[in-house]
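1. quick one: sequence plus predicted model below, questions after.
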Amino acid sequence: MSPFAPGPVTVEVPATSANLGPGFDCLGLALDLHDTLVGEVVDSGLVVELEGEGADRLPRDERHLVVRAMRRAFEALSVEPPGLVLRAVNRIPQSRGLGSSSAAIVGGLALARALVVDGAEALDDAAVLRLATALEGHPDNVAPALHGGFVVCGHDGADTWAVNAPVAPDVSAVAFVPPDGVSTEMARGLLPAEVPHAVAAANTGRAALLVAALGGATDQLFRATEDFLHQEFRAPAMPESLALVHSLRSDGLAALVSGAGPTVLVLTDGDPEALLGRCPDGWVAHRLAVDHAGVRTVVS
Ligand SMILES: Nc1ncnc2c1ncn2[C@@H]1O[C@H](COP(=O)(O)OP(=O)(O)OP(=O)(O)O)[C@@H](O)[C@H]1O
Ligand SMILES: N[C@@H](CCO)C(=O)O
């Protein structure tokens, strides 16, 4: 009997915003903007069809990140498909700090396990989180892409963990996406090896406050999105993003650099429409609700 489920199988995977200000590498939020992946096991070969964001740039062979993630999942499940077709409709802007690589990784792992009979039991969410974190290098985008909602997460040499925390129903976000990207790898290279104890202490307080603020104490969102660990260090790679963050914050708005940037995200418990006029020329503004589902298989 074939170990593979009859295809094609479709998964949808959300964009994510990591850090959210002070939660460097440990806080992330899933957002209502999705890539769609359709996969099928066939007799031979590899076909990759792309539409939308990155379709003119991304490789259409084994180097494609979704394909690499799928291969990793098949390996973990001890199966090897004779051939594979992947169709991707990409809506998440890439290299902008909205978790596109994590969406590709989590989407690829989820798609592969859905293509294997009993794959979801053999490769459960905890296993997907471990594999995805290993591929991405840190968990704060992959965890919300997997689970949806607001996630507190971390990893060390032995363990990877992710816990959902509540989000007040009136919280939503506006993302201001600049025309040019910055690679996460490059942005991580700008960070210092050490910070003073007082800086670490201040940042810890803001991160803890953010959990309470998103959970309902929304009058604290402005203070709770203050960061001391990464945003300013990355300014040389994204000066316009930092200028926009400063300008929005000077008006009391809970603005932050999304992930490794350069997108600027504003968290609000008010009318997001009112923020759209702050979008710089040439940038694109997205009003984004919180995604509570995480990656999901679409049953047609
Ligand atoms: N949908 C996709 N399909 C295939 N590869 C992708 C896809 N999305 C991203 N990638 C790969 O990941 C790279 C971008 O990853 P990077 O971590 O730099 O940015 P990001 O994930 O968009 O931002 P952040 O991690 O700050 O949220 C792209 O250059 C591409 O190689
Ligand atoms: N925590 C990560 C998120 C981007 O992937 C960073 O800021 O580098």
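-> Received it, and whenever you're ready, just let me know what you need. Numbers count the residues shown, from 1 in each chain. Ligands and ions are numbered 1, 2, ... in the order given.

2. what bridges to Ala162?
-> Beta-bridge partners recorded for Ala162 (DSSP bridges): Cys153.

3. show me what contacts it?
-> Leu129, Pro139, Ala143, Leu146, His147, Val151, Val152, Cys153 (CB atoms under 8 Å, 6 or more residues apart in numbering). Any C-beta I mention is one placed from the backbone N, CA and C, and that applies to glycine too.

4. doesn't Gly252 lie inside a strand?
-> No. Gly252 is assigned coil when assessed by DSSP: H, G, I helix; E, B strand; the rest coil, not a strand.

5. from Leu123, how far out is it?
-> 45 Å (CB to CB, to the nearest Å).

6. Gly261 too?
-> Going from Gly261 to Leu123 by CB to CB gives 32 Å.

7. more neighbours, those two?
-> Using other CB atoms under 10 Å, the more surrounded residue of Gly261 and Leu123 is Gly261, with 27 against 22.

8. now do the same contact list for the more buried one.
-> Neighbour list for Gly261: Arg96, Gly97, Val182, Ala187, Gln231, Arg234, Ala237, Met238, Ser241 [criterion: CB under 8 Å, 6+ apart].

9. of those residues - the most surrounded one?
-> Neighbour counts for the contacts of Gly261 (other CB under 10 Å) peak at Gly97, which has 30 neighbours.

10. is the lengthiest helix in the chain anywhere near ligand 2?
-> Assignment by DSSP state H gives helix 197-215 as the longest helix of the chain. No. Using CB under 6 Å from any ligand atom, helix 197-215 stays clear of ligand 2, coming no nearer than 12.2 Å.

11. buried ones in that helix, by neighbour count?
-> Buried residues in helix 197-215, defined by neighbour count with 16 or more other CB atoms under 10 Å: Ala202, Asn203, Arg206, Ala207, Leu209, Leu210, Val211, Ala213, Leu214.

12. identify the farthest-apart pair in those.
-> Spatial extent of the buried residues of helix 197-215 (CB to CB) is set by the pair Ala202 and Leu214 at 19.0 Å.

13. show me what contacts Gly83?
-> Val41, Val42, Asp43, Ser44, Gly45, Leu46.

14. same question, Leu98
-> Each residue near Leu98 by CB under 8 Å, 6+ apart is listed here: Ala15, Thr16, Ser17, Leu31, Leu33, Ile92, Ala175, Val177, Ser258, Gly259, Thr263.

15. now do the helix or strand where Gly28 lies against helix 197-215, angle only.
-> Using DSSP states H and E, Gly28 maps to strand 23-42. Strand 23-42 and helix 197-215 meet at an angle of 60 degrees, taking axes from the mean of the first three to the mean of the last three CA atoms, to 10 degrees as the criterion.
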